[in-house]
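Participant: build me a model from this:
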Amino acid sequence: MNWKAELITYKGEKRIAVIFAKNARLIARIKTFDGARWSASKKYWHLPDTIDNRIRFKISSPLLPSMEGIQQLEQFKHWLQSKRYSENTIKTYSEALQSFLTFFNQKSVFEIT
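Facilitator: Next comes the predicted model:
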């Protein structure tokens with residue numbers, strides 16, 4: 001099964017386009033992802049541009065934290081959820097931490113002071 005993923009801007013929003021020939025199994029699978037949408041005019045599926053989706057669809061970017069940083073970012077999100085922060089707060093705090101960890105992506109998280 002051949003598919004291709006690429007970064008796009010769809011209606012002013014950064015998204016990841018997933019392009020493949022019509023296949024019921026792939027369509028059913030992509031529908032399970034949060035924020036997956038079909039573009040009838042462009043004839044492809046697209047998803048939000050997130051770290052998880054970039055990893056899932058093997059889109060590399062020099063502007064990502066290290067793998068350790070990504071794991072710590074996920075732990076931070078779970079901690080915020082356990083403290084019952086709103087989704088908007090979690091998103092804002094996580095994006096700020098992601099920017100910080102991206103800047104220090106050559107260092108271990110535990111070496112940052």
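Participant: all strands for the protein, in order.
Facilitator: 3-10, 13-20, 37-39, 44-48 (DSSP state E).
Participant: and those strands: which comes nearest Ser94?
Facilitator: Closest approach to Ser94 among these is made by strand 44-48 (13.2 Å; Cβ to Cβ). C-beta here means a position set from N, CA and C on the backbone, and glycine is covered the same way.
Participant: strands paired with that closest one, and their directions?
Facilitator: strand 13-20 (antiparallel), strand 37-39 (antiparallel) (DSSP bridges).
Participant: residues touching the residue nearest to the spatial centre of the chain, list them.
Facilitator: Per Cα atoms, centre = their mean, the C-alpha nearest to the average position across the chain is that of Thr50, at 1.7 Å. Contacts for Thr50 (Cβ atoms under 8 Å, 6 or more residues apart in numbering) come out as none.
Participant: check it and give its pLDDT.
Facilitator: pLDDT for Thr50: 87.
Participant: kindly report the same for Asn23.
Facilitator: 89.
Participant: again with Lys91
Facilitator: 92.
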